[in-house]
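1. Dropping the sequence and predicted coords here.
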Amino acid sequence: MRAGERLPPLEIPVTRTLIVAGALASRDYQDVHHDPELARQKGAPDVFMNILTTNGLVGRYVTDHFGPTAVLRGVAIRLGAPNHPGDTMVLTGRVEEVDGDTAVVRVVGANGLGDHVTGTVTVTVPGAGS
């Protein structure tokens with residue numbers, strides 16, 4: 001791990017199944033995450049991904065890069081443009097700082113509307129600092 005290191009991009013197809021499954025897995029039963037008609041009635045063009053699914057995808061992106069010993073110490077994200085079915089979210093990352101075995105990674109997930117998620121992930125990788 002070194003400051004300035006870039007993580008390779010990860011393309012995630014945003015499917016209706018991913019949106020609904022993520023909402024159900026995180027026990028988020030708000031209709032805007034599974035009912036297209038009710039989502040439209042509330043002003044959205046279709047269902048959209050919930051923050052817990054996004055949080056999980058961001059964590060997966062970082063741990064997939066750093067390997068099976070990576071431990072997430074903190075995830076701080078902010079949502080922007082919604083993820084709707086049929087789009088693709090591309091996650092990118094850059095190591096901002098390193099302190100021994102721990103790094104802070106800046107992550108951005110962009111889709112066709114703009115940045116869906118921005119934030120930082122603090123990750124420890126045992127033995128990486130030696």
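-> Right, received. Where do you want to start?

2. Now do the strands in this structure.
-> Using DSSP state E, the strands of the chain run over 6-13, 71-79, 88-99, 102-111, 114-124.

3. what's next to the shortest one, contact-wise?
-> In other words, strand 6-13. Applying CB atoms under 8 Å, 6 or more residues apart in numbering, the external contacts of strand 6-13 come out as 18, 57, 61-62, 64-65, 88-95, 105, 109. All C-beta atoms are positioned from the backbone trio N, CA, C, and that covers glycine.

4. Please repeat the previous calculation with a cut-off of 6 Å.
-> Y61, H65, T88, M89, V90, L91, T92, G93, R94 (CB atoms under 6 Å, 6 or more residues apart in numbering).

5. okay, among those, which ones form the most distant pair?
-> The span of the contacts of strand 6-13, defined through CB to CB, is set by T88 and R94 at 20.2 Å.

6. contacting residues around the residue sitting nearest the centre point of the chain?
-> The structure's the chain has its C-alpha centroid closest to V58; by CA atoms, centre = their mean the separation is 2.9 Å. Each residue near V58 by CB under 6 Å, 6+ apart is listed here: I77, V107.

7. pLDDT wise, what is it at?
-> pLDDT for V58: 98.

8. and what of S130?
-> 65.

9. can you check Q30 too?
-> Looking at Q30, its pLDDT is 93.

10. Could you give the number of residues near it?
-> Q30: 13 surrounding residues under other CB atoms under 10 Å.

11. What separation is there between it and P85?
-> As for Q30, its distance to P85 is 16 Å (criterion: CB to CB, to the nearest Å).

12. One more: A128?
-> Distance, A128 to P85, by CB to CB: 37 Å.

13. still on that earlier bit, between the contacts of strand 6-13, which sits nearest V75?
-> Using CB to CB, the contacts of strand 6-13 come closest to V75 at Y61, 10.6 Å.
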